[in-house]
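Engineer: how would this look folded up:
(chains A and B)
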Number of protein chains: 2
Amino acid sequence: VVLPSGEVWDGLRALRKDNSGYDLKQAFIGSEGTLGVITAATLKLYALPRSRLTALAGLESVEAAVALLKRMRSVAGPTLTAFELMSSDSLQPVAGVLGLKRFPFEPIAPWNVLLEISDHQDEAHALSLLEAGLDATDGAPVTEAVLAHTLAESEHLWRLRETIPEAQARAGGNVKHDVSLPLSGMGDFVRETGSRLARQFDWVQPLVFGHLGDGNLHYNVGCRAGFAAQVAFDHEAALNEIVYDAVQRYRGSFSAEHGLGQLKRAAAVHYKSAVELALMRSIKSALDPHERMNPGKIL
Amino acid sequence: VVLPSGEVWDGLRALRKDNSGYDLKQAFIGSEGTLGVITAATLKLYALPRSRLTALAGLESVEAAVALLKRMRSVAGPTLTAFELMSSDSLQPVAGVLGLKRFPFEPIAPWNVLLEISDHQDEAHALSLLEAGLDATDGAPVTEAVLAHTLAESEHLWRLRETIPEAQARAGGNVKHDVSLPLSGMGDFVRETGSRLARQFDWVQPLVFGHLGDGNLHYNVGCRAGFAAQVAFDHEAALNEIVYDAVQRYRGSFSAEHGLGQLKRAAAVHYKSAVELALMRSIKSALDPHERMNPGKIL
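Structural biologist: Numbering: from 1, shown residues only, chains lettered A, B, ... in the order given. The predicted model follows:
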């Protein structure tokens, strides 16, 4: 890290355990360049898995998707390497962008999960894990499921997920929220927030997708067909308040993976405690007393 | 965390992703109470594995043990949940303490590894992973191996490992070093440090064991039979210098898991860079300006 003083701190260590003082690298990770400029990193490498298996599953509710996540984790442990949630509203517009004749199952389910097993043994074993996880014994069934049998099929399933942002951009964009929540409150948060938005705005259409395995949702709010995309932007402050207030009630975060930058400084001041903001400011003052690094960001 | 000001910072969050500002909890983790008093924590729970399998393997060298670790990780991935290294010199005195008639294999090997597979499937599957990993195809053979077939046998293998500190205490103690190293330098570090110590002191006996899976060794230095344990303590400063200088050359840490406290403050000042020490001091001054918290520790 190049520090505000111009000095270089060498924190490159290929160690799993190091308790020889404060864990300084953690101060810089995620600090968005406001404490120093990270110029090098040590990476930890993992053995390549022998087999990767991708599947798409359809479910009736977010709760059923969380139940599936728990079953998959219990069966597959850390070999479960992707678990992406997509609402039907977020997935539907992808068909037009990709020129799809049909989805892997039709109609697509109210909630869909793209999941991946990365197995260190072989494909037969990966398949046995996947089948065991999909077999619901807890009353939260998977209504539909397709498995990618070839690399091309796997890439097709991933393309459905990865085209969602482009489909939303083509529709004129929407008011984006990058939130994380404890899994236990995920279903209630989505239902409650949807109801609250619908009560207040007749044009509203939540477009919900994201890394459910990480507790992370892209809770984007756009407009239903027949309304101009601009309507949502005109109500940005009100939409943010409804979504972020709900995130706060469920002890989530209003910024799961994108950071604060300039856009979310106001949210940080509003939703973080005075004690937390003061701690952040004291670390900023200690490491960058002349406010040289990435001014105007985070704090 | 109760802060030096008496204020409480509530950082209890059950989130995997949270990029809403500096990651403050990381400042307190491992700070040995010098920045505040941690009074509560959120724990992440994992599904219990369905099967645990324990084995003891004998090897000719530290390099062979590192090769076994790599094979096991490649085969078993994250289901490898323990990988403990024990030199014959560290293991031998355990027999007396436990009143053992014999070790699981005799003679015990120059280097011995206690390893554990925690499988989410079943015991047959755990066994297949273990067998695949023990089968050396890379020219670094396992010379002996025993598998625990019952819980009692597994507990017996673990008792061998866990009795090592007591055996060393009963022998009068020794000069302890809790170090971590990059795996790539582990074998050279152990060989070089052993030679260097033996050249300088005719009474020296390294007693090496520890969490090799974490890159962490307890590199303790005692006396051979016929010498009083006190001899090692009389040479503590010289022993520390030889061991820690070698750790530094291999870019390891002189405190892997035990922290600095008061005992290792001098080592921190000697081996850490001036830039790093200044960063640590500025964080201490920022969060605890009146030096109220655990004075005299770390810094």
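Engineer: where do the strands sit along chain A?
Structural biologist: Secondary structure of chain A (DSSP state E): strands at A:51-59, A:80-87, A:111-119, A:144-147, A:178-180, A:204-210, A:216-223.
Engineer: JSON lines for the ones you listed, including mean pLDDT?
Structural biologist: Shown next, in JSON lines, are those (pLDDT from 0 to 100):
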{"stretch": "strand A:51-59", "mean pLDDT": "96"}
{"stretch": "strand A:80-87", "mean pLDDT": "97"}
{"stretch": "strand A:111-119", "mean pLDDT": "96"}
{"stretch": "strand A:144-147", "mean pLDDT": "96"}
{"stretch": "strand A:178-180", "mean pLDDT": "98"}
{"stretch": "strand A:204-210", "mean pLDDT": "98"}
{"stretch": "strand A:216-223", "mean pLDDT": "98"}
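Engineer: Could you export those as a markdown table, including distance to chain B?
Structural biologist: (C-beta placed from N, C-alpha, C; glycine too.) Listed next are these as a markdown table, based on distance: least, CB to the nearest CB, whole Å:
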| stretch | distance to chain B |
| --- | --- |
| strand A:51-59 | 12 |
| strand A:80-87 | 10 |
| strand A:111-119 | 8 |
| strand A:144-147 | 19 |
| strand A:178-180 | 5 |
| strand A:204-210 | 10 |
| strand A:216-223 | 5 |
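Engineer: Mind putting those into TSV with mean neighbour count and distance to residue B:96?
Structural biologist: Output for the strands of chain A, formatted as TSV (neighbours: other CB atoms under 10 Å in any protein chain shown; distance: least, CB to CB, whole Å):
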stretch	mean neighbour count	distance to residue B:96
strand A:51-59	22	48
strand A:80-87	22	47
strand A:111-119	24	45
strand A:144-147	17	58
strand A:178-180	25	54
strand A:204-210	22	59
strand A:216-223	24	55
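Engineer: Let's have those in CSV, adding distance to residue A:231.
Structural biologist: Listed next are those as CSV, based on distance: least, CB to CB, whole Å:
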stretch, distance to residue A:231
strand A:51-59, 30
strand A:80-87, 20
strand A:111-119, 26
strand A:144-147, 33
strand A:178-180, 21
strand A:204-210, 9
strand A:216-223, 5
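Engineer: For residue A:98, give me its contacts.
Structural biologist: A:159-160, A:163 (CB atoms under 8 Å, 6 or more residues apart in numbering or on different chains).
Engineer: hmm, try it at 10 Å
Structural biologist: Taking CB atoms under 10 Å, 6 or more residues apart in numbering or on different chains, we find residue A:98 in contact with A:156, A:159-160, A:163, A:166-167.
Engineer: Out of those residues, give me the one that has the most neighbours.
Structural biologist: residue A:160 (22 neighbours; other CB atoms under 10 Å in any protein chain shown).
Engineer: pretty sure that residue contacts residue A:102?
Structural biologist: No. Counting by CB atoms under 10 Å, residue A:160 stays clear of residue A:102, with 11.7 Å between them.
Engineer: Overlap in contacts, the two.
Structural biologist: Shared contacts of residue A:160 and residue A:102 (CB under 10 Å, 6+ apart): A:95, A:108.
Engineer: The stretch 151-299 of chain A: helices as residue ranges?
Structural biologist: Remark: helices assigned in the stretch 151-299 of chain A by DSSP state H, counting those that start in this stretch are A:151-162, A:164-170, A:186-200, A:230-234, A:236-249, A:265-271, A:274-287.
Engineer: And the longest one, what's buried?
Structural biologist: This means helix A:186-200. For helix A:186-200, the buried set under the neighbour-count rule, 16 or more other CB atoms under 10 Å in any protein chain shown, comprises A:186-187, A:189-190, A:193-194, A:197.
Engineer: cool, and the fourth one?
Structural biologist: By neighbour count on 16+ other CB under 10 Å, the buried set for helix A:230-234 is residue A:232.
Engineer: Just the C-alpha atoms of it, please, in CSV.
Structural biologist: In CSV, the C-alpha atoms belonging to helix A:230-234 read as follows (Å, rounded to 0.1, in the frame of the first residue of the first chain):
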residue,chain,number,x,y,z
GLN,A,230,-38.3,8.0,-15.8
VAL,A,231,-41.2,7.7,-13.4
ALA,A,232,-39.0,5.5,-11.1
PHE,A,233,-36.1,8.0,-11.2
ASP,A,234,-38.5,10.8,-10.3
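Engineer: which helices and strands sit right next to that helix?
Structural biologist: Packing partners of helix A:230-234 (3 or more CB pairs under 10 Å, 6 or more residues apart in numbering or on different chains; DSSP states H and E): strand A:204-210, strand A:216-223.
Engineer: ok now stretch A:75-92, how far from the chain's centre?
Structural biologist: Distance, stretch centre to chain centre, for stretch A:75-92: 11 Å (CA atoms, centre = their mean, to the nearest Å).
Engineer: how about it as PDB, C-alpha atoms only?
Structural biologist: Taking Å, rounded to 0.1, in the frame of the first residue of the first chain, the C-alpha atoms of stretch A:75-92 are listed here in PDB:
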ATOM      1  CA  VAL A  75     -25.500 -32.000   1.400                       C
ATOM      2  CA  ALA A  76     -22.700 -30.300  -0.600                       C
ATOM      3  CA  GLY A  77     -21.000 -28.200   2.100                       C
ATOM      4  CA  PRO A  78     -18.500 -25.900   0.500                       C
ATOM      5  CA  THR A  79     -18.700 -27.500  -2.900                       C
ATOM      6  CA  LEU A  80     -21.800 -25.400  -3.500                       C
ATOM      7  CA  THR A  81     -20.100 -22.500  -5.400                       C
ATOM      8  CA  ALA A  82     -23.000 -20.500  -6.800                       C
ATOM      9  CA  PHE A  83     -26.600 -19.900  -5.800                       C
ATOM     10  CA  GLU A  84     -28.200 -17.100  -7.700                       C
ATOM     11  CA  LEU A  85     -31.800 -16.000  -7.200                       C
ATOM     12  CA  MET A  86     -33.900 -14.500 -10.000                       C
ATOM     13  CA  SER A  87     -37.500 -13.400  -9.800                       C
ATOM     14  CA  SER A  88     -39.700 -14.100 -12.900                       C
ATOM     15  CA  ASP A  89     -40.000 -10.300 -13.400                       C
ATOM     16  CA  SER A  90     -36.200 -10.000 -13.600                       C
ATOM     17  CA  LEU A  91     -35.800 -13.000 -15.800                       C
ATOM     18  CA  GLN A  92     -38.600 -12.500 -18.300                       C
END
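Engineer: Excluding sequence neighbours, find me the nearest residue to the residue of the stretch 1-150 of chain A found nearest chain B.
Structural biologist: Closest to chain B within the stretch 1-150 of chain A is residue A:26: 3.4 Å, counting by CB to the nearest CB. Sequence neighbours aside, residue B:26 is the residue nearest to residue A:26 in space, at 3.4 Å (criterion: CB to CB, 6 or more residues apart in numbering or on different chains).
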